[in-house]
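J.: the amino acid sequence is not available; the structure is as follows:
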Ligand SMILES: Nc1ncnc2c1ncn2[C@@H]1O[C@H](COP(=O)(O)OP(=O)(O)O)[C@@H](O)[C@H]1O
Ligand SMILES: Cc1cn([C@H]2C[C@H](O)[C@@H](COP(=O)(O)O)O2)c(=O)[nH]c1=O
């Protein structure tokens, strides 16, 4: 029986790496797969892992029709055994429903990879639909860490050095330290709640203790 699986974790947890490893392992056994993504950090139709692996992909625009694409491929004599779907949080709920239909009706394994919640700690619509429909939702075992050392569970958006909790849900960006207007940082829940990023924690710890009078 084919399965719809959702692999999730914070940003920088290794999802794209796992997506490319999954593709490699299945392709190495002679299975034929298609790779999809949208809004990759590279700006192109490519799945990119921070470990350096990359693979061309089919871009999933909002009006992309998964069912039609796969049925067209099959009716033109193509073979499709599995789909790799990266950045699946950005897919529309209708696209996730089409992936479930492809799993059930065409017996094609669908492996989805994506973050669960946005910078406001709210579920992405695509991720919510995946949790509702997937045969399995798996959290990546590799732990991304908050600056305090605890497991990072939340994604913070940082604009010009300041953590923000308002703005558009979708803003493509990275977790690296390179200076850019918008970046992301993974935090534990407590430090996300307190808006205590690594930079802010450092600056607070550098403030001398107040003297115990007046
Ligand atoms: N220089 C490095 N050496 C070893 N591992 C690294 C290095 N850079 C990144 N990684 C690993 O890659 C992970 C990020 O992988 P990636 O697939 O890009 O994440 P995601 O798709 O979840 O955002 C990091 O959590 C870390 O484990
Ligand atoms: C939290 C959050 C993230 N994004 C964007 C930023 C990145 O481009 C992707 C996540 O990529 P990754 O491979 O998991 O690192 O999502 C966003 O648009 N909005 C958000 O709230």
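T.: Right, received. Where do you want to start? Computed from a predicted model, the values in this text were never measured in an experiment. Ligands and ions are numbered 1, 2, ... in the order given.

J.: how about residues contacting the lowest-mean-pLDDT helix or strand in the chain?
T.: Using mean pLDDT, DSSP states H and E, helix 198-206 stands out as the lowest-scoring helix or strand of the chain, at a mean of 88. By CB atoms under 8 Å, 6 or more residues apart in numbering, the surrounding residues in contact with helix 198-206 are 147, 148, 161, 163, 185, 191, 196. For the C-beta atoms, the positions are set from N, CA and C on the backbone; glycine is no exception.

J.: and the first one, what element?
T.: Just to be clear, that refers to residue 147. Of the helices and strands defined by DSSP states H and E, none includes residue 147.

J.: so residue 42 sits against residue 54, correct?
T.: Yes: contact status for residue 42 versus residue 54: in contact at 7.5 Å, counting by CB atoms under 8 Å.

J.: return the subset of the contacts of helix 198-206 lying in helices.
T.: Those of the contacts of helix 198-206 mapping onto helices are residue 191, per DSSP state H.

J.: wondering if stretch 48-56 reaches ligand 2 at all.
T.: No: Stretch 48-56 lies apart from ligand 2 when judged by CB under 6 Å from any ligand atom; the minimum separation is 7.9 Å.

J.: what does the protein put close to ligand 1?
T.: Going by CB under 6 Å from any ligand atom, the residues of the chain near ligand 1 are 9, 11-17, 49-51, 142, 144.

J.: give me the buried subset of the residues you listed.
T.: Neighbour counting with 16 or more other CB atoms under 10 Å marks 9, 11, 12, 13, 14, 15, 16, 17, 49, 144 as buried within those.

J.: the residue nearest in space to the middle of the chain pairs with what?
T.: Closest residue to the average C-alpha location of the chain: residue 114 at 2.7 Å, with CA atoms, centre = their mean. Residue 114 has these beta-bridge partners by DSSP bridges: residue 8.

J.: now the residues of the chain next to ligand 1 as TSV including pLDDT and secondary structure?
T.: Listed next are the residues of the chain next to ligand 1 as TSV, based on pLDDT from 0 to 100; DSSP: H, G, I helix; E, B strand; the rest coil:
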residue	pLDDT	secondary structure
9	98	coil
11	97	coil
12	96	coil
13	97	coil
14	97	coil
15	98	helix
16	98	helix
17	98	helix
49	97	coil
50	95	coil
51	95	coil
142	92	coil
144	95	coil
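
J.: determine if any part of the host helix or strand of residue 21 is in contact with ligand 2.
T.: Following DSSP H and E, the helix or strand that holds residue 21 is helix 15-28. Yes: applying CB under 6 Å from any ligand atom, one finds helix 15-28 touching ligand 2 at 15, 16.

J.: list the buried ones in that helix?
T.: Buried residues in helix 15-28, defined by neighbour count with 16+ other CB under 10 Å: 15, 16, 17, 18, 19, 20, 22, 23, 26.
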